[in-house]
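S.K.: dropping the sequence and predicted coords here.
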Amino acid sequence: MTATPAARSSEIRALTGLRGIAALFVVLYHATGYFRFPDPWQHYIRHGYISVDLFFVLSGFVMAMTYGKLFDAGFQWPNFRKFILMRVARVWPLFALMTLITAALIPTLLGTRYYFEDVWHGLLPNLTMTQAWGLANSIVRPSWSISTEWAAYLVFPLLVIGALKGSWQRALICVAVAAGLLALVAYGPLWFGQTARRSGPLDIAASYATGTMLRCLLSFFIGMVAYRFRALVPSRAALLCLVAALLLIAWRPSDLILVGLFAGLIMALSEDEGPVAKMLSWRPVYLAGVWSYAIYLIHDVVLFGVFRTLPKLGLALPGERVHWLWAGVALTVALSALAHYGFEKPSRDVLRRLVGRWTARKPELHALAGDLPLAPTTAGQPAPLAELPVSVAKSRR
């Protein structure tokens, strides 16, 4: 079984909506640092860090679908160069803008409670998206996942060899090894996670922890293999995968099982058919997916400002703290929509046109308009992150 070229092009709206739900779950997860939800929701939402692993799997799936064919004939520098430039055009502009804005806010409004390292020391690694490679803490705190996904892009041709090339038996062996290594990351030596204060097995996000990078690369690779075997999971299996995942989120040790369920869910949704796909394509959910990269980059500063900075300035919001929470979420969504339409999308389109002109005589890149990475959040996602909306080629079964 080998990766096949796309037969027709269209956006898989269900995957875009899935990334939107995951991004909002991350927002609520980070809100638990300021607001205690009623039991048992507090316990459930505290497992929201697993949404980032969904971003990684989804990004691997989308990258394999959108760009995997570029490397069918092996590594070619013109193709790799264009691939990297297209990814930079997608993930870097808003990332860089939020990094600079946050860096300016740290010494003025946010303070060392938000970022305890020297901002100037961390600025260059952050602006080059290499901070989570053991160089500095993320100035935009959730952006560690974007840094690790940037590493996944750089080694993408190598990942293609294991996930999409050669026999299907070899691909299964490779994904089994990846799953075993992910288990080692989750339950192995403490230095993988850098800290004993983890909410669960895969709650590893420190820039100086080896497990942070491995958490991304291994889940990303699993997503790529899921794309190769997507025809084995019918669309009707999406409901089963979704229900099982929602139930297991209540059980903190289920991280490794959830990564597998996420892969199955994405495979089942790849045809954009069935009741789950229809639910995730509902316009409000879909729009959350379209804005999810901005939501992922913006929400942490907004929540910190609402719960920490405003009260310190004597400007605390009126009403109960739950009102502060919903005000923070609403402000995050509003600012994210503004950032997406006012900066993220225009900057992406301009840079992609420049890349297209510069490489006009080079081999064609089989990518579709609008595919976004994460994470992270994508796709995507994250969010991606990184890949929102997830615009990919839907292939015939």
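M.R.: Received, thanks.
S.K.: quick one: mean pLDDT over the helix or strand hosting residue 99.
M.R.: Assessed by DSSP states H and E, residue 99 sits inside helix 77-105. The average pLDDT within helix 77-105 is 96.
S.K.: and stretch 54-70, by the same measure?
M.R.: Across stretch 54-70, pLDDT averages out at 96.
S.K.: let's number from 230 now, not from 1
M.R.: In the new numbering, first residue 230, that becomes stretch 283-299.
S.K.: any idea how far it is from the middle of the chain?
M.R.: Offset of stretch 283-299 from its chain centre (Cα atoms, centre = their mean, to the nearest Å): 11 Å.
S.K.: state the number of residues packed around the closest residue to residue 495 other than its chain neighbours.
M.R.: Nearest residue to residue 495, sequence neighbours excluded (Cβ to Cβ, 6 or more residues apart in numbering): residue 290, at 5.2 Å. (C-beta placed from N, C-alpha, C; glycine too.) Residue 290 has 32 neighbours, counted by other Cβ atoms under 10 Å.
S.K.: list the contacts for residue 290?
M.R.: 452-453, 455-456, 459, 492, 495-496, 499, 608 (Cβ atoms under 8 Å, 6 or more residues apart in numbering).
S.K.: how much space separates residue 511 from residue 542?
M.R.: 39 Å (Cβ to Cβ, to the nearest Å).
S.K.: likewise for residue 427?
M.R.: From residue 427 across to residue 542, the span is 33 Å (Cβ to Cβ).
S.K.: comparing these two, which shows the higher neighbour count?
M.R.: Using other Cβ under 10 Å, the more surrounded residue of residue 427 and residue 542 is residue 427, with 18 against 10.
S.K.: how about that one, secondary structure?
M.R.: coil (DSSP: H, G, I helix; E, B strand; the rest coil).
S.K.: ok, the one 10 residues further on next?
M.R.: Put simply, residue 437 is coil when judged by three-state DSSP.
S.K.: so it sits right up against residue 365, yeah?
M.R.: No - the criterion here is Cβ atoms under 8 Å, and residue 437 misses it with residue 365 at 9.0 Å.
S.K.: more crowded one of the two?
M.R.: Higher neighbour count among residue 437 and residue 365: residue 365, with 22 against 14, using other Cβ under 10 Å.
S.K.: so where's the stretch 380-529 of the chain uncertain?
M.R.: 423-425 (pLDDT under 70).
S.K.: thinking again about what came up before, tell me the helices and strands packed up against the helix or strand following the helix holding residue 328.
M.R.: Following helix 306-334 in sequence order, the next helix or strand is helix 348-356 (DSSP H and E). Where contact means 3 or more Cβ pairs under 8 Å, 6 or more residues apart in numbering; DSSP states H and E, helix 348-356 is packed against helix 306-334.
S.K.: which parts of the helix it packs on are buried?
M.R.: 308-309, 311-312, 314-328, 331-332, 334 (16 or more other Cβ atoms under 10 Å).
S.K.: cool, stretch 373-392 as well?
M.R.: 373-382, 385-386, 388-389, 391-392.
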